[in-house]
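Peer 1: quick one, what's the 3D model for this:
(one chain, ligands or ions: 1)
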Amino acid sequence: MNKFFLIICIIISAFVKANEIKFHEVKKLENEVIQISFLLEKVSFIKSYSLVDPSRLVVDVYKTNLKSSVSEVYNYPIKKIRATSENGITRIVVDLYEFINWKKPTQSFNGEQVVLNLELTNAKGLKNNIRDIVIAIDAGHGGRDPGTVGSNNILEKDVTLLIAKELERTLRDTSGYQAVMIRNDDDTVSLNDRYQSARRYGADAFISIHADGFRLESVNGASVFIWSDESSSSVARNLSEKERQRIQAQIKNLKSYDFNEDYARDLYPNTYKKKISQSKVLGIKILDQLKRDPYTKLHKKNVEFADFRVLKSVDIPSVLVESGFLTNPGDAERLKSKAGRRMIGRSIFLGIHNYFKEVPISGSILEDYQNYLNYEIQQGDVISEIAIRFGVTVDTINKTNNLKNKSIFPGQVIRIDI
Ligand SMILES: [Zn+2]
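Peer 2: Sure thing, here's the model as predicted:
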C-alpha cells in the first residue's frame with residue numbers, strides 16, 4: 001500500500017473508531033450533591049438538557065458506542081438511570097421524582113480514561129429543573145508567554161489575568177452563573193488546551209481576554225473578535241512557511257483523548273453555523289457595553305473576524321476581547337488601574353448577560369429573566385463598588401433593597417435592577 005494512503009487510513013480510522021462509553025458509578029458528595037459517572041475513551045461532543053412531565057435529565061453523547069444498555073434503579077430523587085446507543089449516539093436519561101438543580105456534564109481525564117460527570121442536587125420547591133450558565137474565562141498568555149510588553153514594561157499576561165479575575169468574581173457572586181477559569185495563575189497553557197478545557201467544563205460561552213501591541217504608540221482602544229474558517233483560510237493562504245509549521249506543531253499538541261474541533265466542523269456544519277452567528281451576537285453585546293464604558297475607547301466599532309484558533313470550538317459561542325493597546329501610554333495606564341480593568345470586566349459581564357437574555361438557555365435562571373439580578377454580598381464589599389461593577393447607581397441599589405442607613409453583611413443577597 002502506498003505510504004501516504006496508509007497514513008490517511010490511520011488518521012481516518014482514529015476519527016471513525018467509535019468512542020466506547022460505559023456506566024461507572026453513582027456517588028453522594030457533600031451538600032446533598034449526587035454525582036453520576038460514565039467512562040469514555042475520548043472527550044466527546046455532548047448535548048444536555050432537562051425535560052418536564054415527567055421530570056428527567058437527558059445527556060446525548062455523540063459518536064459513542066455503549067457496551068451494553070443501562071437500566072439502574074436509584075434512591076430519591078433519582079428514579080432510574082437509563083442509557084442506550086443508537087446510530088452512534090448514546091442517550092443517558094436520568095428519571096427523577098421531582099425538579100432538581102443540575103450542572104452541565106463535565107469531562108475530565110483521569111490518566112487512563114475520560115470521566116463524564118453529571119451532578120445534581122435535590123432542591124425542594126423548584127418549579128422546573130434549573131442549572132447555571134457556564135462561562136469559560138480565558139486569560140490570554142501566561143507563564144513562559146508574556147504576550148505584549150507594553151509601556152513601563154506592563155505585561156499582557158498580568159493584565160489579562162486581572163481582568164479575568166474581575167469577571168470571574170462578578171459571575172461567581174451572581175445567581176444563575178458559574179465561572180470557570182482556563183488559567184488561575186501565571187501558568188503556561190497551550191492554545192489547544194484552552195478551548196479543549198472549555199469543552200471539558202461544558203461551557204456555554206468562551207471569553208478570551210487579551211491586550212494589543214503595535215509599533216505605533218498612538219494606536220489605542222479596545223476591539224472584539226470572533227473566529228470563522230473563512231477568515232482563517234484567507235489568513236492561512238498568506239501564512240509564511242514558518243507560521244504554517246508553528247500551527248502544525250500546535251495541532252500535533254492535541255492529546256489522544258482531546259476532541260477534534262476541526263473534524264467536528266465538517267461533521268456538524270449547522271451547529272457550527274449557529275455558533276458563528278451566536279458568537280457575533282455575543283460580540284456585539286460586549287461591544288455595546290464597551291461603547292458605554294466611560295474609560296475605554298474603541299479601536300474598531302464592529303465585531304472583527306480573525307484567525308484566533310482559541311475561538312475555534314464547533315458549538316461554544318466564543319469571543320476574544322482586546323482590552324486596549326499596551327503600547328499606547330493612555331491605554332497602558334488605564335489597564336494598570338483597577339478601575340480601568342473593572343470597567344472591561346463589567347462590559348464583558350453585561351455583554352454576556354444581555355446575550356443570554358436574547359438567546360436564553362432553556363432551564364436556566366435567566367430564561368424567566370425579569371430585569372434584575374441577585375448578587376450575594378462578599379466580605380469587604382461596599383455598595384459603591386457593587387454599583388460600579390454592575391453599572392448602576394448606589395441610589396438604585398439602596399432603594400430596591402431598602403438599604404438606606406443599614407449595613408450590609410456577607411451572604412446577604414441583594415437585587416440589582418439592570
Ligand atoms: Zn494577546
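Peer 1: can you read off the pLDDT for the closest residue to the ion within the stretch 101-250 of the chain?
Peer 2: Closest contact between the stretch 101-250 of the chain and the ion, by CB to the ion, is at H210 (3.5 Å). (Glycine included, C-beta is placed from N, CA and C.) Looking at H210, its pLDDT reads 97.
Peer 1: doesn't L320 lie inside a strand?
Peer 2: Yes. Assessed with DSSP: H, G, I helix; E, B strand; the rest coil, L320 lies in a strand.
Peer 1: count the neighbours of it for me.
Peer 2: Other residues within reach of L320 by the criterion other CB atoms under 10 Å amount to 23.
Peer 1: also the one 3 residues further on?
Peer 2: The criterion is other CB under 10 Å. On that basis, S323 has 30 neighbouring residues.
Peer 1: ok, now N122?
Peer 2: Neighbours around N122, by other CB under 10 Å: 17.
Peer 1: how about the residue lying closest to it once chain neighbours are set aside, what does it touch?
Peer 2: Nearest non-adjacent residue to N122, counting by CB to CB, 6 or more residues apart in numbering: P77, 4.6 Å away. P77 makes contact with 34, 96-98, 100, 120, 122, according to CB atoms under 8 Å, 6 or more residues apart in numbering.
Peer 1: how about a cut-off of 10 Å?
Peer 2: Taking CB atoms under 10 Å, 6 or more residues apart in numbering, we find P77 in contact with 32, 34, 55, 94-100, 120-124.
Peer 1: from those, list the buried ones, please.
Peer 2: 34, 55, 94-96, 99-100, 120, 122 (16 or more other CB atoms under 10 Å).
Peer 1: where in this structure is pLDDT low?
Peer 2: When residues are selected by pLDDT under 70, those of the chain lie in 1-17, 229-252, 369.
Peer 1: which parts of it sit against the ion?
Peer 2: With CB under 5 Å from the ion as the criterion, the chain meets the ion at residues 140, 147, 210.
Peer 1: so what's the backbone phi/psi at the residue nearest to N122?
Peer 2: Torsion angles at P77 (phi, psi; degrees, to the nearest 10) stand at phi -90, psi 10.
Peer 1: sorry, back to before: so the residue of the stretch 101-250 of the chain closest to the ion belongs to a helix, correct?
Peer 2: No. Using three-state DSSP, the assignment for H210 is strand, not a helix.
Peer 1: so it makes contact with L320?
Peer 2: Yes. Using CB atoms under 10 Å, H210 is in contact with L320, at 6.1 Å.
Peer 1: between the two, what contacts are shared?
Peer 2: Joint contacts of H210 and L320 (CB under 10 Å, 6+ apart) are 138, 140, 223, 225, 308, 310.
Peer 1: in JSON lines: the residues you listed, plus secondary structure.
Peer 2: Output for the shared contacts of H210 and L320, formatted as JSON lines (three-state DSSP):
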{"residue": "D138", "secondary structure": "strand"}
{"residue": "G140", "secondary structure": "coil"}
{"residue": "S223", "secondary structure": "strand"}
{"residue": "F225", "secondary structure": "strand"}
{"residue": "F308", "secondary structure": "coil"}
{"residue": "V310", "secondary structure": "helix"}
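Peer 1: so which residues of the stretch 1-150 of the chain form strands?
Peer 2: Applying DSSP state E, counting those that start in this stretch to the stretch 1-150 of the chain gives strands spanning 19-28, 33-40, 46-51, 56-62, 64-66, 70-73, 78-86, 89-96, 100-102, 106-109, 114-122, 130-131, 133-139.
Peer 1: elements contacting the second one?
Peer 2: Right, the one you point to is strand 33-40. Applying 3 or more CB pairs under 10 Å, 6 or more residues apart in numbering; DSSP states H and E, one finds that strand 33-40 contacts strand 19-28, strand 56-62, strand 64-66, strand 78-86, strand 89-96, strand 100-102, strand 106-109, strand 114-122.
Peer 1: now the first one
Peer 2: When contacts are defined as 3+ CB pairs under 10 Å, 6+ apart, strand 19-28 sits against strand 33-40, strand 56-62, strand 64-66, strand 70-73, strand 78-86, strand 89-96, strand 114-122.
Peer 1: for the ion, what is the nearest residue in the stretch 301-418 of the chain?
Peer 2: Going by CB to the ion, the ion is nearest to E322 of the stretch 301-418 of the chain, at 7.4 Å.
Peer 1: ok, which stretches of the stretch 101-250 of the chain are helices?
Peer 2: 156-172, 191-200, 229-237, 241-252 (DSSP state H, counting those that start in this stretch).
Peer 1: and the nearest residue to A139 once chain neighbours are set aside, how many residues sit next to it?
Peer 2: In space, and not counting its chain neighbours, A139 is closest to A164: 3.8 Å by CB to CB, 6+ apart. Neighbour count of A164, defined by other CB under 10 Å: 26.
Peer 1: what's the most distant pair in the shared contacts of H210 and L320?
Peer 2: D138 and S223 (16.4 Å; CB to CB).
Peer 1: now find how far off-centre the helix ranked longest in the chain is within its chain.
Peer 2: Longest helix in the chain, counting residues (DSSP state H): helix 269-292. Helix 269-292 has its C-alpha centroid displaced from the chain centroid by 14 Å (CA atoms, centre = their mean, to the nearest Å).
Peer 1: before we move on, the earlier item: most neighbours out of the residues of the chain next to the ion, which is it?
Peer 2: G140 (28 neighbours).
Peer 1: isn't that residue up against F225?
Peer 2: No. Contact criterion CB under 10 Å: G140 and F225 do not qualify, at 11.6 Å.
Peer 1: tell me the domain ranges of the protein?
Peer 2: Domain assignment for the chain by automatic domain parsing gives 15-131, 133-358, 371-417.
Peer 1: I'd like those domains laid out as a markdown table, including distance to S364.
Peer 2: Formatted as a markdown table, those follow (distance: least, CB to CB, whole Å):
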| stretch | distance to S364 |
| --- | --- |
| domain 15-131 | 6 |
| domain 133-358 | 5 |
| domain 371-417 | 13 |
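Peer 1: dump the residue contacts of the residue sitting nearest the centre point of the chain.
Peer 2: In the chain, the C-alpha nearest the mean C-alpha coordinate belongs to A136, at 2.7 Å (CA atoms, centre = their mean). Counting by CB under 10 Å, 6+ apart, A136 touches 178-182, 194-195, 197-208, 313, 316, 318.
Peer 1: quickly list what it is bridged to.
Peer 2: V180, F206 (DSSP bridges).
Peer 1: would you mind measuring from it to L311?
Peer 2: 11 Å (CB to CB, to the nearest Å).
Peer 1: right, I'll leave it there.
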